[in-house]
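*Asks:* compute the structure for the input listed below.
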Amino acid sequence: MLVEQKLSMGNFLIARIGYILSSRVLVAGLNFVSIIIFARYLLPEDFGIFAMTISIAGLYRVFVNFFTEYLIYAKDLRSNECASFFWANIITAFFLFLITFAFKSEIVQVSKMPELGLTSTVLSFLILIESFGIQSRIEMIKSLRFKAISIVESISIIGSFVISLLIILKGYAFWGLIFKFSLDILIANSIFLFLSRRVFKFHLRFSDLYKGVSYSLPIIGKTFFVGLSLFLQNFLINNYLGKLSVGIFNQTTKLYTLPLQTVVYPIGRLAFPLLSKMKENPILFKETYLFLCQVVSIVVLPLVFFIIVFPSEVVFLILGKNWIAVIPILKGASFAVLATSIVNIQNWLFLSLGKPSKMLVISIAKLILYIAFIFMTIDRGLYFVALAISLAEFILIVPSVMWAIQGTNISILDILKSQLCGCFSALTSLLLPFLLWKYLNSESIKLFALIIIPFCVLCYLASLRYFNVIEKLKQKDLVKA
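*Replies:* Numbering: from 1, shown residues only. As a prediction, the model looks like this:
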């Protein structure tokens, strides 16, 4: 832990980020393989059923994980308080399962999908089982034991991939997607629960939950509106353009959120508990936050700009030529990749400084913009819907950043400077690969994978070396006053 002496920020943070990203490399690799395999075995209609199912399950997870952020943020919780939170999660999950089971037919009628009643019920039951391990996972995160967390999550993602693949190969189509969505978390939480060997005796006192409710309500509201936004997008597209378009849009969303899922969110798991510990020291807090922003830019922006520069090749490489309809949609949504990556790092400030209500306001504004823009563009097709989403994300960048840094000694210029190194390195490293690909004038994905992708990596590493980026990060020091 930090003591009152000069410490190398690089050694302290990069080691922990390394644990997180190393497991994410495995996760991203298996997700990459699963997307390729599943896209060849399943139909767009299967992905449409999956998209509608996880829209509902995403709302369930909002309630089941109600107190997660508060438990990370809070200090010195008593055992009885922890027990109250533990049982509150389980009772909530059980109640949601009963509601889903009771209203299966109504879900089918509203969604116009015969499969949705059963898939939602099964997924809600799996979420009930995984809720037993939520508290154990949180304890690992608070103690910053990211090496152990990375190992457990690697095991769980391999297990869920193998099981879901076997389900699909047995001919159960979309059920493989449904189980893959839940099994990785279920397996991981079960291992965390076993490692902690801690199941609380039944204790549920609402006075213990009061502070958690006050902190968590804006977060659950924010996550609810994000989930509602996803559900309404899928619902509108399904009703106006059909199940096929929902599947295409779902695959597009997976591609343009890859940088967010593989880099920004994982590093955020370290950023939130770490910044929460440092919030009482403004100088230390600022330096740590900007350091993490710089690391994110160095890791995520090459992937962001790669998707923007090579959208057709990304679709063919990951999804295959059967998904050619995704290409124009990804082109429309590609700039949303950049916007979402920038906006989401501001959530670290909202959470660690105890201001989650601001996240709620931003999520409501995003929902309103999304739905309004979709209504204005949906008659013109999916491409214009994707453009509308990109526009909505860019409109929110400046207000969200300004609101996040309010009351801190961090300026917009500080954040901009933290992004410049990664941005410049990523752009310069893509120039030569782009020109080479244009010169080759080839449509061969094998040629692209064997020549252009390695060339992009080499150019980026050369750019980082030329600007001495990694060494500067390692040598950057942090002083606790």
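*Asks:* C-alpha only now, for contacts and for neighbours.
*Replies:* Fine.
*Asks:* tell me how far E81 lies from Y215.
*Replies:* 15 Å (Cα to Cα, to the nearest Å).
*Asks:* between those two, which one's more packed in?
*Replies:* Y215 (22 against 18; other Cα atoms under 10 Å).
*Asks:* ok, that one - contacts?
*Replies:* 70, 354, 356 (Cα atoms under 8 Å, 6 or more residues apart in numbering).
*Asks:* now do I371
*Replies:* Counted by Cα under 8 Å, 6+ apart, I371 has contacts 229, 232-233.
*Asks:* still on that earlier bit, of the contacts of Y215, which is the most crowded?
*Replies:* Using other Cα under 10 Å as the neighbour criterion, P356 leads the contacts of Y215 with 24 neighbours.
*Asks:* from memory that residue sits against F350, does it?
*Replies:* Yes - between P356 and F350 there is a contact under Cα atoms under 8 Å: 5.3 Å.
*Asks:* looking at the contacts of I371, which one is closest to I368?
*Replies:* Lowest distance from I368 to these (Cα to Cα) belongs to S229, with 8.7 Å.
*Asks:* neighbours of that closest one, just the number please.
*Replies:* The number of residues near S229, taken as other Cα under 10 Å, comes to 21.
*Asks:* run the chain-centre distance for the helix or strand where it lies.
*Replies:* According to DSSP states H and E, S229 maps onto helix 206-241. Mean-position distance between helix 206-241 and its chain equals 15 Å (Cα atoms, centre = their mean, to the nearest Å).
*Asks:* and it, average pLDDT?
*Replies:* Across helix 206-241, the average pLDDT comes to 82.
*Asks:* now do the next helix or strand after that helix: distance to the chain's middle.
*Replies:* Counting by DSSP H and E, the next helix or strand C-terminal to helix 206-241 is helix 243-256. With Cα atoms, centre = their mean as the basis, helix 243-256 stands 16 Å off its chain's centre.
*Asks:* what of stretch 418-426?
*Replies:* 22 Å.
*Asks:* what's the answer for stretch 122-136, then?
*Replies:* 19 Å.
*Asks:* next, count neighbours for C421.
*Replies:* With other Cα under 10 Å as criterion, C421 counts 18.
*Asks:* per-residue pLDDT, it?
*Replies:* 78.
*Asks:* got the contacts of I371 as CSV, with distance to M52 columns?
*Replies:* Below are those laid out as CSV (distance: Cα to Cα, whole Å):
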residue, distance to M52
S229, 12
L232, 10
Q233, 10
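*Asks:* now flag whichever of these is closest to L118.
*Replies:* L232 (20.4 Å).
*Asks:* report the contact partners of that closest one.
*Replies:* I371.
*Asks:* which residues in this protein form strands?
*Replies:* 6-8, 477-479 (DSSP state E).
*Asks:* what comes up buried for stretch 351-369?
*Replies:* 351-364, 366-367, 369 (16 or more other Cα atoms under 10 Å).
*Asks:* ok, stretch 240-260 next?
*Replies:* Buried-residue list, stretch 240-260, by 16+ other Cα under 10 Å: 243-253, 255-260.
*Asks:* circling back to that earlier point, what's the angle from the helix holding S229 to helix 243-256?
*Replies:* Per axes from the mean of the first three to the mean of the last three Cα atoms, to 10 degrees, the angle that helix 206-241 makes with helix 243-256 is 120 degrees.
*Asks:* confidence score at the residue lying closest to S312 once chain neighbours are set aside?
*Replies:* Nearest residue to S312, sequence neighbours excluded (Cα to Cα, 6 or more residues apart in numbering): I327, at 5.5 Å. As predicted, I327 sits at a pLDDT of 84.
*Asks:* mind listing what I327 touches?
*Replies:* Per Cα under 8 Å, 6+ apart, neighbours of I327: 311-312, 315.
*Asks:* for the contacts of Y215, give me JSON lines that also has distance to G117 and pLDDT.
*Replies:* Output for the contacts of Y215, formatted as JSON lines (distance: Cα to Cα, whole Å; pLDDT from 0 to 100):
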{"residue": "Y70", "distance to G117": "33", "pLDDT": "82"}
{"residue": "G354", "distance to G117": "38", "pLDDT": "82"}
{"residue": "P356", "distance to G117": "33", "pLDDT": "85"}
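*Asks:* picking that back up, ok, the residue nearest to S312 to G242 distance?
*Replies:* On the measure of Cα to Cα, I327 and G242 end up 18 Å apart.
*Asks:* re the thing from before, buried stuff in the helix holding S229?
*Replies:* 208-209, 212-213, 215-238.
*Asks:* then stretch 162-175?
*Replies:* For stretch 162-175, by 16+ other Cα under 10 Å, it's 163-165, 167-168, 173-175.
*Asks:* of the residues you listed, which belong to helices?
*Replies:* Residues of the buried residues of stretch 162-175 located in helices (DSSP state H): 163-165, 167, 174-175.
*Asks:* now the helices for the stretch 1-150 of the chain?
*Replies:* With DSSP state H, counting those that start in this stretch as the criterion, the stretch 1-150 of the chain has helices at 9, 15-41, 44-64, 68-73, 79-102, 104-111, 116-130, 134-142, 146-167.
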